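Novice: here's a sequence, model it:
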Amino acid sequence: MRLTLNTEWAVGARIGDGGFGAVFEAENTAGEKAAVKLVPKAPGAEREMLFANLNGVRNVVPVIDSGEHEDRWVLVMPRAEKSLRAHLQEHGQLPLNEAVAVLSDIAEALADLKDREVVHRDLKPENVLLLGGRWCLADFGIARYAEATTAQHTYKGGGSLPYMAPEVWKYQRATGATDIYALGVLAYELLEGTRPFTGPAEHDYQEQHLHGSPPPLTTAPPLLAALITECLFRAPQGRPAAGNVLARLGQIPAAPLSGGLAALAQANQSAVARRAEADRRASAHATEVDRRKTLLEAATTAYSFIADAFVAALTAAAPSAKVRKGNQGDWTIRIDDAQLTMSGPRESAPEVWRTTSTPAPFDVIASAIISLKTPANYRGYEGRSHSLWYADAQIEDQYQWFETAFMDTPLRPTARTMEPFALGPHHEARGAVGPGTMMHQVAWPFIPLVIGDLDEFISRWADWLAQAATGQLTHPNRMPERDPQGSWRR
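Specialist: Numbers count the residues shown, from 1 in each chain. I've put the predicted structure just below:
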């Protein structure tokens, strides 16, 4: 068969089946080899649905020619060496370094796609191809095209059911977080040699994705296991963004944990697995109460990583410090008269934070406080405290932990022994982040606490603790210490 598009192509043997179409080898008159996909002209779907603007996006398989032939749309792509599915069938589960490299290639593409607000919607090993030495994403428009047809269930066949996020099963809008969930399933498969949910029937997959618990990862190091667990959170807003995934993947081979930190991370990962199981037992109904509940579980899991890393690093540097863990998930580290306290996370009441009379600029799911107290100096200064909020403070519906702090407005100064100081998500803090001049102002920018990249946060508090322990902690020279403007959405 010959196809005359922008270029003339001689179509050869069938080399596979892609989502919603058959794939054939092809060659043009210049001798360039390619792969041709023939997609049926299904009712309700237009040719334009098969395309997206992907210029400048890393690690994608481009469409180099297109057109139509009889009752098929035609897509021509470079001939890839093989698919990730074929690679897995040949090698089984992959070694850690190779798996991380594959996932990093995919995460690069997803990070670029997020900037374009493009969602792949059908990420699976069949749609990941080895091209030019990189693992690249293909078939961008197929899922969107399929959803527009009259098929009863557009995801049947093609191996997509094992990778479908809970929100897709609920017929909710697919977002970049949907691709992150599929990446979590794929990552699990690369490392374990099997998918976390195995069906086999459609209703089995639906039940497993909405309510099931994936078996614990046995081959991934704790940091990677934690990342995959977060990708598989049921709440889309609790999953990490693609850029966060890419950054954390870059640290997996370079910074392996050892000794006590390795043991601590392993114990923490076991706790994450238990919390993830509880998360998946939550109701599948998409109510606001359920949404906040799943986000609170995600917040608690992420906070445990942050707190454990924080306490482990500080106690490793100061092994003689007195350390106490409270019943509510709080930690206290004491060196002489200096006391550093990190409270456990607490659920935020939406009716207190967000009211109809005074709307809040963003949502807060949970909060905690980190405080440093020392005996008052000759000026009466006793230390400082910062707020830790699990919120979508910078990007709507993208939740993570943030560090911030507050101060009294200079127009109405008050005598405080702790400054800057923490506030919970209530009307005083809402006034500080809202428009206008209120009693309190933001004194420290909203800084994301990124799991696996906490060095600055830990080092800064360790320095303040050292100053407090030696009687050198003083009131900040200026307030606010760092310019907070623009660090949260208004």
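Novice: list the contacts for the most centrally placed residue in the chain?
Specialist: The residue lying closest to the centre of the chain (CA atoms, centre = their mean) is Pro240, at 0.7 Å. Applying CB atoms under 8 Å, 6 or more residues apart in numbering, we find Pro240 in contact with 180, 227, 230-231, 248, 400. The way it works is simple: take the backbone N, C-alpha and C, and place the C-beta from them, glycine included.
Novice: how about the residues you listed in a markdown table, adding secondary structure and pLDDT?
Specialist: Converted to a markdown table, the contacts of Pro240 look like this (DSSP: H, G, I helix; E, B strand; the rest coil; pLDDT from 0 to 100):
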| residue | secondary structure | pLDDT |
| --- | --- | --- |
| Ile180 | helix | 97 |
| Leu227 | helix | 93 |
| Glu230 | helix | 90 |
| Cys231 | helix | 94 |
| Arg248 | helix | 92 |
| Gln400 | strand | 95 |
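Novice: can you give me the distance of the residue nearest to the centre of the chain to Pro480?
Specialist: Distance of Pro240 to Pro480, given as CB to CB, to the nearest Å: 29 Å.
Novice: do Ala313 as well
Specialist: Distance of Ala313 to Pro480, computed by CB to CB: 26 Å.
Novice: helices or strands up against the helix or strand where Thr178 lies?
Specialist: The secondary structure element spanning Thr178 is helix 176-192 (assigned by DSSP states H and E). In terms of contacts (3 or more CB pairs under 8 Å, 6 or more residues apart in numbering; DSSP states H and E), helix 176-192 is packed against helix 84-91, helix 96-116, helix 166-169, helix 222-231, helix 242-249.
Novice: now tabulate these in CSV and tack on distance to Gly259 and mean neighbour count.
Specialist: Formatted as CSV, these follow (distance: least, CB to CB, whole Å; neighbours: other CB atoms under 10 Å):
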stretch, distance to Gly259, mean neighbour count
helix 84-91, 32, 16
helix 96-116, 19, 20
helix 166-169, 38, 20
helix 222-231, 13, 24
helix 242-249, 21, 21
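Novice: out of the ones you listed, the one nearest Ile333 is which?
Specialist: Taking CB to CB as the measure, those were each checked against Ile333, and helix 222-231 came out nearest at 22.4 Å.
Novice: helices or strands up against that closest one?
Specialist: Other helices and strands packing on helix 222-231, by 3+ CB pairs under 8 Å, 6+ apart, are helix 176-192, helix 242-249, helix 259-280, helix 288-317.
Novice: comparing those, which comes out most buried?
Specialist: Ranked by average neighbour count under the criterion mean count of other CB atoms under 10 Å, the helices and strands packed on helix 222-231 are headed by helix 176-192 at a mean of 24.
Novice: tell me the angle of that one relative to helix 242-249?
Specialist: 20 degrees (axes from the mean of the first three to the mean of the last three CA atoms, to 10 degrees).
Novice: please export the C-alpha coordinates of helix 176-192 as PDB.
Specialist: The C-alpha coordinates for helix 176-192 follow below in PDB (Å, rounded to 0.1, in the frame of the first residue of the first chain):
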ATOM      1  CA  GLY A 176      -1.800  16.500  34.900                       C
ATOM      2  CA  ALA A 177      -2.300  14.700  38.200                       C
ATOM      3  CA  THR A 178      -4.000  11.900  36.200                       C
ATOM      4  CA  ASP A 179      -0.700  11.300  34.300                       C
ATOM      5  CA  ILE A 180       1.200  11.400  37.600                       C
ATOM      6  CA  TYR A 181      -1.000   8.500  38.900                       C
ATOM      7  CA  ALA A 182      -0.300   6.500  35.800                       C
ATOM      8  CA  LEU A 183       3.400   7.200  36.200                       C
ATOM      9  CA  GLY A 184       3.200   5.800  39.700                       C
ATOM     10  CA  VAL A 185       1.600   2.600  38.400                       C
ATOM     11  CA  LEU A 186       4.300   2.400  35.700                       C
ATOM     12  CA  ALA A 187       7.100   3.000  38.200                       C
ATOM     13  CA  TYR A 188       5.800   0.200  40.400                       C
ATOM     14  CA  GLU A 189       5.700  -2.100  37.400                       C
ATOM     15  CA  LEU A 190       9.300  -1.200  36.400                       C
ATOM     16  CA  LEU A 191      10.700  -2.000  39.800                       C
ATOM     17  CA  GLU A 192       8.500  -4.900  40.900                       C
END
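Novice: surely Ile458 is within a helix?
Specialist: Yes - under the criterion used here (DSSP: H, G, I helix; E, B strand; the rest coil), Ile458 sits inside a helix.
Novice: quick one: low-confidence ranges for the protein?
Specialist: Counting by pLDDT under 70, the chain contains low-confidence residues at 18-19, 45, 146-159, 253-258, 261, 265-287, 356-357, 413, 437.
Novice: domain assignment for it?
Specialist: 2-78, 82-286, 304-469 (automatic domain parsing).
Novice: nearest to Arg490, of these?
Specialist: domain 304-469 (4.8 Å).
Novice: one step back: distance to Asp463 for the helices and strands packed on helix 176-192 - can I get that in CSV?
Specialist: Output for the helices and strands packed on helix 176-192, formatted as CSV (distance: least, CB to CB, whole Å):
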stretch, distance to Asp463
helix 84-91, 45
helix 96-116, 32
helix 166-169, 42
helix 222-231, 25
helix 242-249, 24
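Novice: on that earlier part again, who wins for proximity to Leu465 among the helices and strands packed on helix 222-231?
Specialist: With respect to Leu465, and counting by CB to CB, the nearest of those is helix 288-317 at 7.0 Å.
Novice: for Ala366, give its distance to Tyr399.
Specialist: 9 Å.
Novice: same question for Pro435.
Specialist: As judged by CB to CB, Pro435 and Tyr399 stand 23 Å apart.
Novice: neighbour-wise, which of the two wins?
Specialist: When neighbours are counted by other CB atoms under 10 Å, Tyr399 comes out ahead of the other of Pro435 and Tyr399, with 26 against 8.
Novice: surely that one meets Gln237?
Specialist: Yes - with contact taken as CB atoms under 8 Å, Tyr399 and Gln237 are classed as touching, separated by 4.7 Å.
Novice: please, which helix or strand holds Pro319?
Specialist: Per DSSP H and E: Pro319 is located in neither a helix nor a strand.
Novice: could you do the one 4 residues further on as well?
Specialist: Taking DSSP H and E as the criterion, the element that holds Val323 is strand 322-325.
Novice: other SSEs contacting that strand?
Specialist: Checking 3+ CB pairs under 8 Å, 6+ apart, strand 322-325 ends up next to strand 331-335.
Novice: only C-alpha atoms, please: export the helix or strand just after the strand it packs on in CSV.
Specialist: Per DSSP H and E, strand 331-335 leads on to strand 338-342 as the next helix or strand towards the C-terminus. This file holds the C-alpha atoms of strand 338-342, laid out as CSV (Å, rounded to 0.1, in the frame of the first residue of the first chain):
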residue,chain,number,x,y,z
ALA,A,338,17.1,26.0,74.2
GLN,A,339,14.0,24.1,73.1
LEU,A,340,12.9,23.4,69.6
THR,A,341,9.4,22.1,69.1
MET,A,342,7.7,20.8,66.0
